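# take a look and give me a structure for this.
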Amino acid sequence: MDSELCKKAKNGDARAFAMLYESVSGRLYSTAYYMLGRKEDAEDIVMDTVADAFAQIRSLRDPEAFEGWIFRIMMNKIRRKRGSYIGEPVRLNEDISASPQTDADEKAALWKAMQSLQEEDRAILILDVIDGYRSDEIGRMLNLNPNTVRSRKQRAMVKLRRLLGGENDD
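You can find the predicted model right below:
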């Protein structure tokens with residue numbers, strides 16, 4: 001992350017903030033989408049996150065920590081949004097099953113299995129497998145020790161394998 005851009009953004013430079021946002025926008029959206037499963041909710045969460053981050057950028061202490069900081073803002077919003085889903089049936093969004101690379105039944109099974117994971121474990125898998133973050137980066141985003149991230153990822157993968165009927169290698 002460009003600390004010079006971050007310093008400019010902290011001093012009120014909207015263009016610098018826009019450039020910072022652009023560098024993480026795809027990963028923010030994909031994480032929100034896979035956590036929530038609804039395109040519209042993911043878009044809303046990302047927009048709310050960006051608005052809050054822009055309003056609070058002066059409170060960011062370490063310019064190098066921008067990415068983890070904005071993800072923490074978003075993950076808090078996702079937790080609140082998922083709380084509003086209580087009582088609603090989990091739906092498989094049509095967009096998730098639209099890819100020709102994986103059979104729709106397999107995607108539905110994966111989606112259902114992912115939903116059975118604890119929210120934080122699901123976030124760890126999404127940030128690692130889909131977004132490509134390292135354990136230390138995920139730890140900063142979720143306020144977890146990197147060792148905790150690795151162990152929770154391992155346990156979540158074992159659970160997913162078991163739920164999907166794969167071999168359990170523990």
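# give me the neighbour count for residue 139.
19 (other CB atoms under 10 Å). Using the backbone N, CA and C atoms, a C-beta is placed for each residue, glycine as well.
# mind checking pLDDT for the nearest residue to it once chain neighbours are set aside?
Nearest non-adjacent residue to residue 139, counting by CB to CB, 6 or more residues apart in numbering: residue 146, 4.3 Å away. Looking at residue 146, its pLDDT is 94.
# quick check, central residue of the chain?
The chain has residue 31 as the residue nearest its centroid, 3.1 Å off, counting by CA atoms, centre = their mean.
# for the protein, where's the lowest mean pLDDT among helices and strands?
helix 104-116 (a mean of 79; mean pLDDT, DSSP states H and E).
# buried sites along that helix?
Using 16 or more other CB atoms under 10 Å as the test for burial, helix 104-116 gives 107, 110-111, 113-114.
# cool, stretch 35-43 as well?
35-38, 41-42.
# wait, which of these is closest to residue 134?
residue 35 (19.1 Å; CB to CB).
# so which of the buried residues of stretch 35-43 belong to helices?
Counted as lying in helices by DSSP state H, out of the buried residues of stretch 35-43, are 35-36, 41-42.
# and the furthest pair within those residues?
35 and 41 (9.2 Å).
# next, count neighbours for residue 34.
20.
# residue 67 too?
Residue 67: 19 neighbours (other CB under 10 Å).
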